[in-house]
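Asker: when you get a sec, could you give me coordinates for this:
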Amino acid sequence: MEIRKALYLVLTIGLIIAITLYSTGLILRLTLIEWRVYETLFFVGTIVLIFTPVAMLILSLVLFMKNREIYNTAVVIVLLLLIAIGIIIGITLRTKGL
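Answerer: So this is what the prediction gives:
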């Protein structure tokens, strides 16, 4: 599979899943007053939106390594490291109450 098509597929599927979760959550929010499952759907939809680009980067890494594209592999590794550092800093600051 061509790299662009594979990445397009991952981004499209992630977006469709997130839109479906948000739409279902919105419909449940508007129709059900006591049942609060819509909050979970909104949360999961947000998580899917956040991690879709990460999934795309991981797929890029695998495909670039398979094609032996060293420069692109290095760029993706740096991006994944920056994301990991950002997550670690965010968790650390949140647990310290800052």
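Asker: what packs against the host helix or strand of residue 13?
Answerer: For residue 13, the host element (DSSP states H and E) is helix 3-31. Judged by 3 or more Cβ pairs under 8 Å, 6 or more residues apart in numbering; DSSP states H and E, the packing partners of helix 3-31 are helix 37-66. For glycine as for every other residue, the C-beta is placed from the backbone atoms N, C-alpha and C.
Asker: now for the helix it packs on, which elements pack on it?
Answerer: So helix 37-66, by 3+ Cβ pairs under 8 Å, 6+ apart, packs with helix 3-31, helix 70-95.
Asker: so for that helix, mean pLDDT?
Answerer: Helix 37-66 shows a mean pLDDT of 92.
Asker: buried stuff in that helix?
Answerer: 38, 41-42, 45, 48-49, 52, 56-57, 59-61, 63-64 (16 or more other Cβ atoms under 10 Å).
Asker: looks like residue 37 contacts residue 29 (just checking).
Answerer: No. Using Cβ atoms under 8 Å, residue 37 is not in contact with residue 29, being 9.4 Å away.
Asker: so what's the residue sitting nearest the centre point of the chain up against?
Answerer: With distances taken as Cα atoms, centre = their mean, residue 51 lies nearest the centre of the chain, 1.3 Å away. Counting by Cβ atoms under 8 Å, 6 or more residues apart in numbering, residue 51 touches residue 14.
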